[in-house]
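**Student:** 3D model of this:
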Amino acid sequence: MKHLYLNLKRFDVPVEYGGVNRLAPVAEWGGCIVSRTQEALRAYDPAEVEFVQYLPEAHLLGAAAALAAAVWNRLHARRVMKNLNRMLDAAMAGIFLERDFDESLLSAVESRFAHYLAANAVSAQKLQHSYRT
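**Tutor:** Take a look at the predicted model:
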């Protein structure tokens, strides 16, 4: 396993104060660092690489908030994919039932997909009925 350690203490000081920070305003620096490193770390297998960042203490809350947002986004995406997969399984088994979906931006795709599957299930039932008669 590889171990990567990144010490970013004092890297948050803006250029105008003699530092090297050209990345983001000081108040947003911790969150920006975490967001960008999370994106870059997707290229590595977590079983093979341990990555540790040392941030200035003043930026820990912003960094934690950015990390929490990244984790929440991944968990939400996983939940949406599980729901879509469940809906597809039900439709393929011919037992799909349309449920109530909220119309928030995050569930709009689920709702549209549910309407499509419901219409498709009705069409399949009509087709089966026409074959029987």
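**Student:** who does the helix or strand hosting residue 29 touch, helix- and strand-wise?
**Tutor:** Residue 29 belongs to helix 29-41 when assigned by DSSP states H and E. Based on contacts counted as 3 or more C-beta pairs under 8 Å, 6 or more residues apart in numbering; DSSP states H and E, the elements that helix 29-41 packs against are strand 49-54, helix 60-93. C-beta here means a position set from N, CA and C on the backbone, and glycine is covered the same way.
**Student:** please redo it, this time with the cut-off set to 6 Å
**Tutor:** helix 60-93 (3 or more C-beta pairs under 6 Å, 6 or more residues apart in numbering; DSSP states H and E).
**Student:** quick one: distance of the helix holding residue 29 to the chain centre.
**Tutor:** The chain centroid and the centroid of helix 29-41 are separated by 14 Å, computed with C-alpha atoms, centre = their mean, to the nearest Å.
**Student:** please parse the protein into its domains.
**Tutor:** 1-78, 94-133 (automatic domain parsing).
**Student:** lowest mean pLDDT across these, which one is that?
**Tutor:** Out of those, the stretch the model trusts least by mean pLDDT is domain 94-133, with a mean of 66.
**Student:** got a list of what residue 93 touches?
**Tutor:** Residue 93 sits next to no residue when contact means C-beta atoms under 6 Å, 6 or more residues apart in numbering.
**Student:** what does residue 90 give?
**Tutor:** For residue 90, the contacting residues are residue 96, taking C-beta under 6 Å, 6+ apart as the criterion.
**Student:** report pLDDT for it.
**Tutor:** With respect to pLDDT, residue 90 scores 82.
**Student:** looking at the domains of the chain, which is nearest to residue 84?
**Tutor:** Residue 84 sits nearest to domain 94-133 of all the domains of the chain, at 6.2 Å, using C-beta to C-beta.
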